[in-house]
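Participant: just need the structure, nothing else, for what follows:
(chains A and B)
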Amino acid sequence: MIAAVLRETRFMLRDRAAIVWLALTFALSVAAVSFGIAEVREQRATIAVLIEEDAADRANAIAGQSDWGGAAYYAFHLTYAPPSEFAFAALGQRDASPWLHRVRMLALEGQIHEADTRNADFGLVGRFDFAFLAATVAPLLLILLLYDLRGGERVAGRHDRLLATAGRERAVWGPRAGVRFAALALALLVPFWGGAAIEGAGAGVVARASAMVLAMLGVWWLIADRIGRINTAPATILTVLIGVWLSLSLLLPALSGAVIDARHPVPDGGDILLLQRESVNGAWDIPKEATMQPFLESHPQWAEYGDVGPAFSWKWYFAFQQVGDQTAEPLSQQYRAGRLARDAAAGRAALFSPASLVERYFQHLAGTDAAAMIAYEDEVRAYHARLRAFHYPLLFRDPPYDPALLEMAPAFTPASE
Amino acid sequence: MLAGGKALALLAVVAVFMLPLAVIALYGVAAGEAAGPALALVAGYGLYLMVWAALVLAVSTLVRARSAALGVLAACWLAMVLVVPRVGINAASTLVDAPGKIESDLVMLAEERKLGDGHNAADPAFDKLKQDLLDRYGVATVEELPVNFRGVVAGASEEKLTRLLNEYATRRMQAEARQSQVFGAFAIASPTLAVGAASRALAGTDLATHHRFLREAEAVRFGFVQALNDMHATELTYADDSKRSSDPEAEARTRVNAEAWRVLDTFRFAPDAPGDRLSRALLPLTLLAGWLAALAALIAFGARRLQP
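Facilitator: Here you go, the predicted model:
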């Protein structure tokens, strides 16, 4: 067995094409891992800078205030979802969904759908991360390494002789394909393991991710082996294999994505914002009672402090902010449910595409999938609720203004920390 | 001879692929699009497909074994279509730092505070403005001014704030344009990126057009807000304005007619002139032509080597 492996390794090293594909795999893996690490480090650096600046900005904003309402109005609070130790391998939804906000006591629906804008040109093409390399590109490289095993020997006229000497079919092709499979897997995974060590990703997560990559590549090995048995020209075999790869890795995901988006309509974030803005701005034009009534219905504990005179008062101001959120809530819920439904449908469709399956699993492990992004949104909502719970007693009971008390305001801490 | 025959066959395939686009382009011209960009779009995609045909021909003349040629071509496709564009995105965002909106907003907010709060006419930042106005009209208090001081403050602070916002927006757009330049440079290694850039420029869906839309929309917003602020200064009395939250009659007199909002209906965004779009597409189209010329030279070299 060891002799066979050594023999096949020597044989592979004489095959110039095989060396080129393996070197390419290794180089791409190093590039994908390095880009991923650079990106998550930049994201962490941004968060670290913003935590400092956010605190300074808030202190500065509060310094100029003389009442509770003004302090609540002008103070922003940073919320964020830091990238996990494994995010370098799969940036996933972090490119499309917000992971950073500065919220204040105003209506949250007007703030939470605002993403940090990116260069519009970048949305056209995805990112080159390890998950994409392993899920989509690596299978094609494996096909290029394996398609010619039998065909090459047939063309060289050694096929039948080889089988006759070895006796069993598996004794010839098993070690030969196995050596190539192992070489490709190592070229792909060694830079990934290096990156995981640098980033301090958990061994269990890395082991599960590696197992997933090996299992998926194993499926492609099986496909390449089945189709490779057809007694036809190597060019025909390669054409068929590329066709299968193209359908499973690119066409099927694109097609199912389009179908899912059409079947699960999601309200536009802009519509939620507009509805909430109209409700909030409309409050200036309606009797103050029309605002205070729905607010006090959902916040009965403030009923005894709920009288607002004709003059401007902060408690009325923040009440209509909250009522704006309450108006937009059904649409906002629909938006959340729609995205979860799309994600669930995409999960079912991924069962038919090994590439989607691997990418989704990586994003799941990295905490960069749709579920993780929605969980972050929920964290922001929970934090905003704590902020309101902190400010309402000050606004409604209106004790003498004391900025020192504002230092007790809740601070955001991400769930992952 | 052999290469010539293959070339003809591949050109026929290219022609078939081009038919639907040509028909749609004709329809577009009939519907009012300028002929120049439409023609350039069809020519660009024709050039792009011919680059692939030439690549097929070049590889098949240089690499003898059919399956090896197919392998090389598959790798070329992988590189040019899947890998290079994505690497270009990573490189552009790594090389050119365009700080996110939240980060630049934080820096801007700090500067904005120095400008004063436009909703609060008592803000000390407006003392100089107040003194200038009092001097100009030769009166002693803001109540005696013939204009509503609150409206003047709102207009002045809007102008200052807009200047600051636009400065940051311009900086951001410049950083994005630099990023897209880096991204665009990868078109040298990927005809797919080149044809994409050309088609976005010709269709008027490129970054430059997006930025122009942002600037024009902002100009409309500024004009609209300043028109309201003018009304605030000249048509609302300071006395009514001050009593607005305590006196319902004064409140009613401070309301502006809904007609004032009509100005927003007139905004229409027009695409760039055909000549501008063509000139922006020139570089990527030249790149495609360069690819075709280089591959043609390679084919000629390979064909000569094939001859005995």
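Participant: so after whichever helix or strand A:Val20 is part of, what's the next helix or strand?
Facilitator: Assigning secondary structure by DSSP states H and E places A:Val20 in helix A:16-63. Remark: after helix A:16-63, the chain's next helix or strand is helix A:68-74, criterion DSSP H and E.
Participant: can you dump the C-alpha atoms of the helix or strand just after that following helix in CSV for me?
Facilitator: Next along the chain after helix A:68-74, taking DSSP H and E as the criterion, comes strand A:77-80. Provided in CSV are the C-alpha atoms of strand A:77-80 (Å, rounded to 0.1, in the frame of the first residue of the first chain):
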residue,chain,number,x,y,z
HIS,A,77,-24.9,54.8,21.0
LEU,A,78,-22.7,52.4,19.0
THR,A,79,-24.0,48.9,18.3
TYR,A,80,-22.0,46.3,16.4
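Participant: from the contact counts, what lies against strand A:77-80?
Facilitator: helix A:16-63, strand A:100-103, helix A:370-397 (3 or more C-beta pairs under 8 Å, 6 or more residues apart in numbering or on different chains; DSSP states H and E). For every residue, glycine as well, the C-beta is placed using N, CA and C.
Participant: what sits up against the shortest one?
Facilitator: Put plainly, it is strand A:100-103. Outside strand A:100-103, the residues that touch it by C-beta atoms under 8 Å, 6 or more residues apart in numbering or on different chains are A:46-47, A:50, A:54, A:76-81, A:111-112, A:114, A:116, A:380, A:383-384, A:387, B:100, B:102, B:105-106.
Participant: sheet-wise, list the partners of that strand with their directions.
Facilitator: If you go by DSSP bridges, strand A:100-103 pairs up with strand A:77-80 (antiparallel).
Participant: still on that earlier bit, report the buried members of the contacts of strand A:100-103.
Facilitator: A:46-47, A:50, A:54, A:76-81, A:111-112, A:116, A:380, A:383-384, A:387, B:100, B:102, B:105-106 (16 or more other C-beta atoms under 10 Å in any protein chain shown).
Participant: picking that back up, touching chain B at all, the helix holding A:Val20?
Facilitator: Yes. For helix A:16-63, a contact with chain B is found by C-beta under 8 Å from any C-beta of the partner chain, at A:17, A:21, A:24, A:28, A:31, A:35, A:38-39, A:42, A:46, A:49-50, A:53-54, A:57, A:60-61.
Participant: so where's the stretch 301-417 of chain A uncertain?
Facilitator: Low-confidence segments of the stretch 301-417 of chain A, defined by pLDDT under 70, are located at A:417.
Participant: what parts of it come near chain B?
Facilitator: Proximity of the stretch 301-417 of chain A to chain B (C-beta under 8 Å from any C-beta) is limited to residues A:310-312.
Participant: most neighbours among the residues you listed, which one is it?
Facilitator: A:Phe312 (14 neighbours; other C-beta atoms under 10 Å in any protein chain shown).
Participant: confirm that residue sits in a helix?
Facilitator: No. Read with DSSP: H, G, I helix; E, B strand; the rest coil, A:Phe312 is coil and lies in no helix.
Participant: quick one: find the helix or strand in chain A with the lowest mean pLDDT.
Facilitator: Of all helical and strand segments in chain A, the minimum by mean pLDDT, DSSP states H and E falls on helix A:159-166, at a mean of 66.
Participant: the helix or strand that comes right after that one packs against which elements?
Facilitator: As assigned by DSSP H and E, the chain's next helix or strand after helix A:159-166 is helix A:169-199. Helices and strands touching helix A:169-199, by 3+ C-beta pairs under 8 Å, 6+ apart, are helix A:2-13, helix A:16-63, helix A:138-146, helix A:148-156, helix A:159-166, helix A:203-228.
Participant: closest to B:Ala169 out of those?
Facilitator: Nearest to B:Ala169, of all the helices and strands packed on helix A:169-199, is helix A:16-63, at 19.7 Å by C-beta to C-beta.
Participant: which regions of the stretch 201-308 of chain B lie under the pLDDT threshold?
Facilitator: The low-confidence ranges in the stretch 201-308 of chain B, as defined by pLDDT under 70, are B:245, B:306-308.
Participant: all the helices of it, residue numbers only.
Facilitator: In the stretch 201-308 of chain B, the helices defined using DSSP state H, counting those that start in this stretch lie at B:207-235, B:238-243, B:248-253, B:274-306.
Participant: these: which one's closest to chain A?
Facilitator: helix B:207-235 (5.2 Å; C-beta to the nearest C-beta).
Participant: tilt between that closest one and helix B:274-306?
Facilitator: On the basis of axes from the mean of the first three to the mean of the last three C-alpha atoms, to 10 degrees, helix B:207-235 is oriented at 170 degrees to helix B:274-306.
Participant: so is helix B:207-235 next to chain A?
Facilitator: Yes. Counting by C-beta under 8 Å from any C-beta, chain A has neighbours in helix B:207-235: B:207, B:210.
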